[in-house]
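Novice: attaching a predicted model along with its sequence, questions to come.
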Amino acid sequence: MKLYKVSLTLFLLLSTSVFSQKYELGKVSIAELQEKQHPIDTSAVAAILFEIGKTYFEDATTITKVTTRIKIYKKEGYEWANTEVPYFLGENVYFSDAFTYNLVDGKIEKTKLKSNGEFDEKINKYRSRKKIAMPNIKEGSIIEYEYQSRTPGYNTPRDWYFQTNIPVNYSEYNFLIPNALVFNKQIKGYYFPKISTEGKYNDDTLTKYILKNIPAMNEEPFVNNINNYKASVSFELAMINIPGRFYKEYTTNWEAVTEKIYLNDDFGGELKKIGYFEEDINTLISGITTRDEKIAAIFSFVKSKVKWNNFTSYYCNDGVKKAYKDNIGNVAEINLMLTAMLRYAGVDANPVLLSTRSNGIAFFPNRTAFNYVISAIEIEDGLILLDATEPYSTPNILPTRDLNWFGRLIRKDGTSTEVNLTPTNLSTEINNLQVTLDDKGGINGKIRTQFNGHNALNFRQENINIDKETYLEKLEDKNDALEISDYIRDNELDLFKPLVETYSFKDTNAFEVINDKLYISPLFFLSVNENPFKQEKREYPVDFGFPFEKSYNINIEIPEGYKVETLPFQSKFITEEDIGAFKYLIEDSGNKIQLRITYSINAAIVSSEFYPTLKDFFQKMIDKQNEKIVLKKL
């Protein structure tokens, strides 16, 4: 098949008129180099002065060219001198016209990227990435480069991002589509490009997308993947129609996508292999009679047997047999192996395809929408989800990278169904404190903290491999230079029990002493003083990852010779839609004060329409937690 050949000469002539004058490589000005800060965003560490992309088709090849000029304002912006472009097997990517410009003694100094600044890095047998590190970078430098990707066939182009985490002065994307091709289009984000169709050229239509002066999209707390919300445009090939010669529709559904993946030898073919583990699994489950015990035994076995090599794919790279033999493998090798073992043991297990948080959310049904696979067991009242790449995970407690909206379960018979990956059960953190006050502003006490669910998983991930001394230094620094002693950690590797840490603490400057009165914030070093939500409004959802509850049971022994003058009032409030709930109970019992403070966020993901509610909830909660107990000397 040979599609109508696009006139490259025509497109390049058209491109010259579109890209000429202001937005040409090699035309860096002294004024640009002299600029000390971005004229709109003075805090910017760097800015994209222009970025222009163009995609077209020539001789059954999809070609994309991108030209970029970037200004570095501060040392923190040096990372923008390093660029990488991922690509798939069969695709060719190369950089050209890559230079760094500096102003030296009033003259422009131009430094060319040399071969030792270019790298080609293999990710797995399907993907690699081309990387460059620009030379002679300083504050005030300007870099520019062009890269080109060439992919055999008529393919969906890469997503085009108009917005990033530094300001973009000018962004333009041009897509020259032959009349024989039809693409679906999706525009994301909160800034919309100006779209114009330049007309038809030899049965081709050029569509231009332009955005100017786009602000940086900075990370805010509790964001899934910021790229899901950046201004961008994406396409999906829907149809090829060459009258009288070739016709094919590519628009499909998730069922067709998952069926095609399942039939691939590196997916379904690997699931069928059992000979390499039969003897070990027979020994492992000998004498085990219940389904749950089999699941726990096999899940623990795979986690300890095969280490994850940090490669994400739903296809096996070297295969399950080699991963089993070498004790290391990619996501697919580990979790397809787990699924096959569970099936062998008589458990109704199936793979679940998903897109990790870093991979984003898919808008079109296609195979590249997924990049990961886990295992699921269908039971009477739902699913048990398992990811054996994470050594500290337990059934239905998946690592945060997996918690990305929806996945797709594929059964042996070819049917598939959508799987909600968002946790619904509360993960808890329970703090019990015994605190003794002195009359100089100091405290002594003991704390016992219990972590459950995703809180326990996250604690283990972050802290188990840190030596005790380093961890205690981190804990003391986190809690205002608290002095910590008698540290004990229980159930560290007993994953089916809550993780518990206990320690004694001392602080000589824990509260205020003014005249004959003591002013105490009853949460002491555990108090939160700053609202994480600072923006007036938020365009995208707040993603906590999982619903959670924190509780504090505090017993405070007051110094001899003092009595309670004032206590904060008890309080309880619940937000609309039961997004958050807060309870504050306090009681004076002679020489002791007892508190119970509990707050919960009952939804893993909160829509942006409830952002004001959430922001107000956190502020009220913080204000209440920091109200003072006042003790008066007798």
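Specialist: That came through fine.

Novice: contacts and neighbour counts: CA atoms only from here.
Specialist: Will do.

Novice: where along the stretch 351-500 of the chain do the strands fall?
Specialist: Assigned by DSSP state E, counting those that start in this stretch, the strands in the stretch 351-500 of the chain fall at 372-379, 382-386, 406-410, 416-420, 427-437, 443-451, 483-490, 499-507.

Novice: name the nearest residue to residue 354, sequence neighbours excluded.
Specialist: Closest residue to residue 354 apart from its sequence neighbours, by CA to CA, 6 or more residues apart in numbering: residue 407 at 4.4 Å.

Novice: in the stretch 1-150 of the chain, where is pLDDT below threshold?
Specialist: The stretch 1-150 of the chain contains residues with pLDDT under 70 at 1-21.

Novice: again, only this time at 90
Specialist: Along the stretch 1-150 of the chain, the parts satisfying pLDDT under 90 run over 1-23, 60, 88-89, 122-127.

Novice: ranges for the strands of it?
Specialist: Secondary structure of the stretch 1-150 of the chain, counting by DSSP E, counting those that start in this stretch: strands at 46-57, 61-72, 82-88, 92-104, 107-112, 118-122, 127-133, 142-152.

Novice: highest average neighbour count across the ones you listed?
Specialist: Highest mean neighbour count among those (mean count of other CA atoms under 10 Å): strand 46-57, with a mean of 23.

Novice: the inter-axis angle of it versus strand 142-152?
Specialist: Relative orientation of strand 46-57 versus strand 142-152 (axes from the mean of the first three to the mean of the last three CA atoms, to 10 degrees): 20 degrees.

Novice: packing partners for strand 46-57?
Specialist: Where contact means 3 or more CA pairs under 8 Å, 6 or more residues apart in numbering; DSSP states H and E, strand 46-57 is packed against strand 61-72, strand 168-178.

Novice: what lines up beside it in the sheet?
Specialist: strand 61-72 (antiparallel), strand 168-178 (parallel) (DSSP bridges).

Novice: quick one: contacts for residue 620?
Specialist: Not one residue lies near residue 620 by CA atoms under 8 Å, 6 or more residues apart in numbering.

Novice: just say helix, strand or coil for it.
Specialist: Counting by DSSP: H, G, I helix; E, B strand; the rest coil, the backbone at residue 620 sits in helix.

Novice: what is the burial count for residue 27?
Specialist: Residue 27 sits with 9 neighbouring residues when counted by other CA atoms under 10 Å.

Novice: check residue 75 too.
Specialist: Applying other CA under 10 Å, I find that residue 75 has 13 neighbouring residues.

Novice: that one against residue 137, yeah?
Specialist: No: using CA atoms under 8 Å, residue 75 is not in contact with residue 137, being 9.1 Å away.

Novice: how about the strands paired with strand 46-57 in JSON lines, adding distance to residue 487?
Specialist: Converted to JSON lines, the strands paired with strand 46-57 look like this (distance: least, CA to CA, whole Å):
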{"stretch": "strand 61-72", "distance to residue 487": "47"}
{"stretch": "strand 168-178", "distance to residue 487": "50"}
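
Novice: coming back round to it: against residue 271, how distant is the residue nearest to residue 354?
Specialist: Per CA to CA, to the nearest Å, residue 407 is found 19 Å from residue 271.
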